[in-house]
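> Quick one, structure for this:
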Amino acid sequence: MTDPASDRLSARRTALAWPWALGADVVLVIVFAAIGRASHEHGVDPGGVVETAWPFLVGLGVGWLVLRAWRAPAAPLRTGLPLVVSTVVLGMILRVVSGGGTAVAFIVVATITLLVFLVGWRGVAALVARIRARR
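Model (predicted):
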């Protein structure tokens, strides 16, 4: 039997956590775009970063809505992994539609980077939560 007080506390933590999780995801997608631009010597000016990031930010946003990610914002596999898929797939589709490149190497690098970023911070958060729970 579950403890109603514990359930309410868990629901409250989730309600407070999702804006931070969404913010972290957005920042990491922007960092991904900035790193990509810098590594290809395109410059890291804000306009250029936004131009590179927007397709992936749209993919991330759609993923958040479809997954209802606010229900388990820090879950590495339940939320993080499907967010990587939506961010990369929709981001690449939008890049093609808007005239951007989608070379196979770029798709691979984008997938790996966003996997490390979007699943990675959630994995670290889950590990920290487990360590705290054991204390």
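
> what residue ranges in this structure score low on pLDDT?
Where the chain drops to pLDDT under 70, the residues are 1-16.

> quick one, helices of it?
Using DSSP state H, the helices of the chain run over 4-39, 46-67, 81-97, 104-114, 120-134.

> count of residues packed around G63?
Number of residues near G63 (other Cβ atoms under 10 Å) recorded here: 22. Bear in mind the C-beta positions are built from the backbone N, C-alpha and C, glycine included.

> switch to numbering from 402
Yep, numbering from 402; the last one is G464 now.

> what sits against it?
Under the criterion of Cβ atoms under 8 Å, 6 or more residues apart in numbering, the contact list for G464 reads A470, P483, L484, V486, S487, T488, L491.

> Go again with 10 Å.
With contacts defined as Cβ atoms under 10 Å, 6 or more residues apart in numbering, the neighbours of G464 are 426, 470, 480, 483-491, 519.

> who wins for neighbours among the residues you listed?
T488 (30 neighbours).

> Pull up the gap between that one and I436, please.
If you measure T488 against I436 using Cβ to Cβ, to the nearest Å, the figure is 15 Å.

> do A504 as well
Here the distance between A504 and I436 works out to 17 Å (Cβ to Cβ).

> Between those two, point out the one with more neighbours.
Neighbours were tallied for A504 and for I436 using other Cβ under 10 Å; the higher tally belongs to I436 (16 against 8).
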